[in-house]
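Asker: Have a look at this prediction, sequence included:
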Amino acid sequence: MEPKSVVSVMTGRAILKIVRRAYFDHNATTPLHSEVLHAVTTAMAECFGNASSIHRDGQRAKQMLEEARRQVAAKVGVKAEELVFTSGGTESNNLAIFGTRPRHIITSVIEHPAVLNVCQELERRGTEVSWVRVSSSGVIDPDDVRRAMRPETDLISVMAVNNEIGTVQPVSELLDFGVTVHSDCVQALGKVELPAAHLLSFSAHKIHGPKGIGALAVRKGTTLHKATFGGHHERDRRPGTENVPGAVGFGAAAERCGSGASTIAALRDRLEAGILDRVPHTAVQGRDAPRVANTANIRFDGVEGEAMVIALDLRGFSVSSGAACSSGAVEPSHVLTAIGLSKEQARSCLRFSMGEANTVDEVDALISAVAACAERLRKLSPTYA
Amino acid sequence: MPEPPIAVAMSGGVDSSVVAGLLKRDGHEIVGMTMQLWNQRRLPELETEYAGGRCCSLDDVYDARAVAGMLEIPYYVVNFEDRFERAVVRPFVDSYLKGETPIPCTLCNNFIKFDQFLEMADAAGAEKIATGHYARIGYDASTGRWQMARSADATKDQTYFLWGLTQAQLSRALFPLGSMTKPEVRQLAVDLRIPVANKPDSQEICFVPNGDYAGFIDAYFREQGIARELEGGEIVTTNGDVLGHHAGTHRFTVGQRRGLGIAARDPLYVIETNPSTRRVVVGGDRDLRRDKFDVRDCNWVSISEPIAPVRAEVRIRNKHQPSAATVSACEGGGASVTFDDPQRAITPGQAAVFYSGDLVLGGGWIA
């Protein structure tokens, strides 16, 4: 990307040689859309009331909250009263799984840590958990879920779309087994048709909304206990003073999300074709499976993904590799080892996730930068011949 | 062409923070990186009350990140856990079990800090790396060699751990603190407004924060699911008289006096540990002194491998006062060392570093 001079917002000092940036990490988070920003700041400025208060200030906040609830519910295909606002995808998953109080859960080995670690915690507390494997293209087989079913099975939790390789899971087929199905839909919203699960988790910041707000859709007739305790908010399902500006932002983001999917698919295909064409010894993970349009996970044999992320970052491109651990270092992805990659191969993968603002020029510049970085790192690599 | 950036290894401590601050002040473009080497949570039984100074603690990473943020430099945490375990922790454990007293810091310098870190520096487009080590590097145009010398602050000198660096590694390393004293560095930290100016220095081996090496090895084996038989044995004199029993040779190191559990008129020291016979040999101060020993896997730093014996001052552990000796390189990369005066506790697994004045001639592992 072209260099330009930028002034630090924090210190007012000029930072020289800052390069213009292109963002290809939309599965991590997305930039706030200007309309969403306007809706959030308006709500913050004009409506401070507590949505549970009796007076007019409270009523105004409640109105905005319920309008936002209608917007999000309409987008995800449930009734407004079936939608519970939470602090985000992680809390939604915790509420869904802990709130079901399961005796036996079936889940997949490629879940996001916000499901995986909840199930592991339940396992420590004595709940039985069956872990369903995935194919080499990163998809579960409903027959494996069927085989894991037991008389006491009372929850199946499978993500709709994998965050690292973008594969779409056959969640709707899991409804045939007659137990509650939860689906982490954080990466699915606005990208694919949502599964008809009983419990669905969402997050606003993946669709150009604000951070700190998410939702759990709880279809009528689904038993859900509380997972945190306090007041009687959210129809007595999730206590805590409502985050009205957050909800308003989520509503505004939901209203406009899902646009530009075909353009994004074209960009993704251009990126994959360009990289595979220009960089030898590369492979696309999950290519044979149904995938969302925006995600490309590409393996560069003999290249440290972590080094690539740094090299590309310094050239102005934001991409990702693996999962960040508590220190911020990268750990080899459990998803990539689950689809059969070795630890070394998993370390050599990069995830590019597009958004509606990406352009053809950015993609072409990224392809050139990736080709240059991969070539340089391979020259330096002692293991790559 | 702008000057390529310098990659600074930032631990979150005062020294490496000052290095970053200095280079930034002098107008260099720099990239900060913290190496994630070991996950302390793996062996929770080794937790200590005092959390500072341990390797890769989250607090240290937060400190390093805060310094990088203040300096407005790009900053990354890089994960070297796999390599660290393979190149440092396992050899440390193996060496201990062989009856040696290993120095993991040297392995870490040779194979992590000046090896894998260089690869990450390459990724960032950096040619040079800078660390907070106390040592001096120079280039001798007449011999075409990179040389290393002790730091100006004799109390902080780290050349005992850096003798293994190759010419290629030295050619890319910068030690900006080598000519400073620790009080000067602390003052610089204050002048540069570095937030960790008063942080205490780290001690001990980073991944064994409580200094209990035998406890670490036991915990590591438990974690790896390796069952070990009780490896107790006899404590004997140099004549073979049995004085008592012990719970494992890896709990003893040459020169150790305490913890033998034997009452004797004169002080008793560990002279030798032998894992194959499971014997710990003890004796008096006189038995502990030797003048001749061999070193293996020598690395010649400031001079090329000498053909004839060289006179040098040889240091056999970090706090040892270097003593006059003759060093003869042998075939196969080793050397034999003869001290002018016998020295106490020449310990297998430790390094012997050869100096000529401040200059580091080379070093090797005590066999």
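Answerer: In hand now; what should we look at?

Asker: which stretches of chain B form helices?
Answerer: Assigned by DSSP state H, chain B shows helices spanning B:14-25, B:58-71, B:81-84, B:90-97, B:104-108, B:117-123, B:159-162, B:167-170, B:182-191, B:213-224.

Asker: Least confident of those, on average?
Answerer: Ranked by mean pLDDT, the helices of chain B bottom out at helix B:213-224, with a mean of 83.

Asker: by contact count, what packs against the helix or strand of chain B with the lowest mean pLDDT?
Answerer: Ranking every helix and strand in chain B by mean pLDDT, DSSP states H and E puts helix B:213-224 at the bottom, with a mean of 83. Counting by 3 or more Cβ pairs under 8 Å, 6 or more residues apart in numbering or on different chains; DSSP states H and E, the packing neighbours recorded for helix B:213-224 are helix B:90-97. Backbone N, C-alpha and C define where each C-beta goes, glycine included.

Asker: any idea which of the helices of chain B is most buried?
Answerer: Neighbour counts (mean count of other Cβ atoms under 10 Å in any protein chain shown) averaged over each of those peak at helix B:159-162, with a mean of 25.

Asker: Dump that helix to PDB, restricted to CA.
Answerer: The C-alpha trace of helix B:159-162 is given here as PDB (Å, rounded to 0.1, in the frame of the first residue of the first chain):
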ATOM      1  CA  THR B 159      29.500 -13.100  28.100                       C
ATOM      2  CA  TYR B 160      29.500 -16.400  30.200                       C
ATOM      3  CA  PHE B 161      26.100 -17.100  28.500                       C
ATOM      4  CA  LEU B 162      27.000 -15.800  25.100                       C
END
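
Asker: tell me the contacts of residue 188?
Answerer: Just going to use chain A. Contact analysis of residue A:188 by Cβ atoms under 8 Å, 6 or more residues apart in numbering or on different chains lists A:159-161, A:168, A:194-195, A:292.

Asker: not what I meant, chain B
Answerer: B:18, B:21-22, B:180.

Asker: I'd like to know how many residues surround whichever residue of the stretch 101-250 of chain A sits closest to chain B.
Answerer: Nearest residue of the stretch 101-250 of chain A to chain B, counting by Cβ to the nearest Cβ: residue A:117, 14.2 Å away. Here the number of neighbours of residue A:117 (other Cβ atoms under 10 Å in any protein chain shown) works out to 14.

Asker: just residue A:209 next, same as before
Answerer: Counted with other Cβ under 10 Å, residue A:209 comes out at 33.

Asker: Am I right that it sits in a strand?
Answerer: No. With DSSP: H, G, I helix; E, B strand; the rest coil as the criterion, residue A:209 is located in coil rather than a strand.

Asker: So it sits against residue A:37, correct?
Answerer: No. Counting by Cβ atoms under 8 Å, residue A:209 sits too far from residue A:37 to count as a contact (10.0 Å).

Asker: what touches both of those two?
Answerer: residue A:249.

Asker: Can you check what pLDDT the model gives residue 53?
Answerer: Just going to use chain A. Note on residue A:53: pLDDT of 94.

Asker: I was after chain B.
Answerer: For residue B:53, the pLDDT comes out at 45.

Asker: Residues contacting stretch B:173-182, please?
Answerer: Here stretch B:173-182 has contacts from B:6, B:15, B:18-19, B:22-23, B:114, B:128-137, B:149, B:151-153, B:155-156, B:165, B:185, B:188, using Cβ under 8 Å, 6+ apart.

Asker: Of the residues you listed, select the buried ones using a PyMOL command.
Answerer: To isolate in PyMOL the members of the contacts of stretch B:173-182 that are buried, counting by 16 or more other Cβ atoms under 10 Å in any protein chain shown, one can use:
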select buried, chain B and resi 6+15+18+19+22+23+114+128+129+130+131+132+133+134+135+136+137+149+151+152+153+156+165+185+188
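
Asker: returning to that earlier point: so the residue of the stretch 101-250 of chain A closest to chain B lies in a helix, does it not?
Answerer: Yes. Under three-state DSSP, residue A:117 sits within a helix.

Asker: and it, what does it touch?
Answerer: Applying Cβ under 8 Å, 6+ apart, no residues contact residue A:117.

Asker: Would you mind measuring from it to residue A:295?
Answerer: Residue A:117 sits 22 Å away from residue A:295, taking Cβ to Cβ, to the nearest Å as the criterion.

Asker: my guess is residue B:147 contacts residue B:159, does it?
Answerer: No. Here residue B:147 lies out of contact with residue B:159, judged by Cβ under 8 Å, at a distance of 11.1 Å.

Asker: Kindly point out which residues are neighbours of both of those two.
Answerer: Contact with both residue B:147 and residue B:159 is made by residues residue B:360, according to Cβ under 8 Å, 6+ apart.

Asker: Good, wrapping up.
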